[in-house]
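Asker: What would the 3D arrangement of this be:
(one chain, ligands or ions: 1)
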Amino acid sequence: MRTNHKQRPTRYRDVNLNGTLSAISGPWDRTVCFSDIRKWMQCPGMYLMWKEGDAIYRRSLSQEIGDLVHQETAKPAQDRLQDTAEIAARLKNVRPEELQVVAQQVKALIAKAVRVSDKESIDAIATQHERLMVWYDSYTNTFWYAQADKMEILEDRDGKYLSVVDQKTGTYRKALDVSGAFFFGYVAKMTKALNFDGPIKTMVRYLKDFRGQILARPFERWEWIGRHLKQEQKDMLWSIQETVKRMDADWQSGEFRLSQGNHCRGCQFRHTCPVNKEQFAEELRRDAERQKERETRLSLVVIQGGISTPVAPMAPPMVATTGAIINASTNGDGSKTAAFA
Ligand code: SF4
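Answerer: Residues are numbered from 1 along each chain as shown. So this is what the prediction gives:
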């Protein structure tokens, strides 16, 4: 589910002696979406900070691109973003020198997503984008919120079915993606989404390959949910429910473990996380230094015979390909010095 990130207060929490964070709110509202489950599985402390509304450092670029593509796909054709400059204006996490290139890539990704989605929906009996569904799961005594990118009733030679699509704009393919699609499909089944009571086809659609290239034909993983769940689907449901029960146990105790690992690198709470904030501040400081060095190297380049050579002898060779020349002058030895924007 999309969240308004603007009103989240910055909180610096203390870590307890047992390595947990304490909840500051409660009791739990007993609502769960699949993104909550995914966060909790990575790090219960991260889930707590998300759930209690702590300020996030910033959305990652991949998240920003994903949101933009989902929003544009859901719009009527005439309202969609077409212009590279407009797309660039919506991207907040890109360095200025890379903005044009990234905006063009996003434009191509939107065009691809829209083409695939529109083609699929031509013969749909009913279509809904990002429809929120809520199901009360009595086993866990929780409310399950699910919002698939697209749901529609389609028909093939075997009859009508409900298609539930979860579209991915990133490069990674994770096992949990399939569980997420099952979660959407299960909630759609139990709530009889679009007033449909027949078979459900859940699909995870990947628009890019592992290297980040847009696929000519998206890679799709799909499953059917019929009247009765298959054994592996029962197992998946059970593991989701057991996870929710463990989340519940954390809320009962009021303590959420901080689980460190590679995922910390992409965590949106690293700037306030008590076990990572100092390292994060140090990384920011080093990034700022590197950026300053890059800008210094770009601002002074000696151009000789059409090949660029950096002024500083120890700097790596570089050909300036971005930025407009804003100032150029001829030196006494015939070489040229140029300043780039
Ligand atoms: S930085 Fe790591 S340990 Fe801290 S909240 Fe994020 S994922 Fe958890």
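
Asker: now the most centrally placed residue in the chain: how far from residue 268?
Answerer: Most central in the chain under Cα atoms, centre = their mean is residue 63, positioned 2.9 Å from the mean C-alpha point. Going from residue 63 to residue 268 by Cβ to Cβ, to the nearest Å gives 9 Å. For the C-beta atoms, the positions are set from N, CA and C on the backbone; glycine is no exception.

Asker: can you check residue 156 too?
Answerer: 41 Å.

Asker: neighbour count winner among the two?
Answerer: residue 268 (21 against 9; other Cβ atoms under 10 Å).

Asker: Surely that one forms part of a strand?
Answerer: No. Checked against DSSP: H, G, I helix; E, B strand; the rest coil, residue 268 lies outside a strand; its state is coil.

Asker: And for the closest residue to residue 12 other than its chain neighbours, the neighbour number?
Answerer: In this structure, residue 12 finds its nearest non-sequential neighbour in residue 272, 5.5 Å apart by Cβ to Cβ, 6 or more residues apart in numbering. Residue 272 has 18 neighbours, counted by other Cβ under 10 Å.

Asker: ok, residue 272 - contacts?
Answerer: By Cβ atoms under 8 Å, 6 or more residues apart in numbering, the contact set of residue 272 is 10-13, 49, 54-55.

Asker: can you tell me which of the residues you listed lies nearest to the ligand?
Answerer: The ligand lies nearest to residue 49 out of these, by Cβ to the nearest ligand atom, at 6.3 Å.

Asker: Next, that closest one: secondary structure please.
Answerer: helix.

Asker: Tell me which stretches of the stretch 1-150 of the chain form strands.
Answerer: Along the stretch 1-150 of the chain, counting by DSSP state E, counting those that start in this stretch, strands occupy 20-22, 31-33, 126-129, 132-137, 142-147, 150-156.

Asker: So which of those is nearest the ligand?
Answerer: strand 20-22 (8.0 Å).

Asker: Below-threshold pLDDT in the chain: ranges please.
Answerer: Within the chain, the stretches with pLDDT under 70 are 1-6, 300-341.

Asker: Near the ligand, which residues of it are found?
Answerer: Within the chain, the residues that sit near the ligand (Cβ under 6 Å from any ligand atom) are 43, 45-46, 258-260, 263-264, 267, 269-270, 273, 275-276.

Asker: Helices - which of these land there?
Answerer: 45-46 (DSSP state H).

Asker: what sits against the residue nearest to residue 49 when sequence neighbours are not counted?
Answerer: Of all residues beyond its chain neighbours, the one nearest residue 49 is residue 269 (4.6 Å), with distances taken as Cβ to Cβ, 6+ apart. By Cβ under 8 Å, 6+ apart, the contact set of residue 269 is 45-46, 49-50, 54, 56-57.

Asker: Burial check on the closest residue to residue 33 other than its chain neighbours, number of neighbours?
Answerer: Distances taken as Cβ to Cβ, 6+ apart place residue 145 nearest to residue 33, at 4.3 Å, with adjacent residues excluded. Close neighbours of residue 145, defined as other Cβ under 10 Å, add up to 18.

Asker: isn't residue 145 right up against residue 134?
Answerer: Yes. Under the criterion of Cβ atoms under 8 Å, residue 145 makes contact with residue 134 at 5.6 Å.

Asker: who does the longest strand along the chain touch, helix- and strand-wise?
Answerer: Longest strand of the chain, by residue count under DSSP state E: strand 214-225. When contacts are defined as 3 or more Cβ pairs under 8 Å, 6 or more residues apart in numbering; DSSP states H and E, strand 214-225 packs onto helix 99-121, helix 175-191, strand 200-208.

Asker: any chance of these in TSV, plus mean neighbour count?
Answerer: Below are the helices and strands packed on strand 214-225 laid out as TSV (neighbours: other Cβ atoms under 10 Å):
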stretch	mean neighbour count
helix 99-121	17
helix 175-191	20
strand 200-208	21
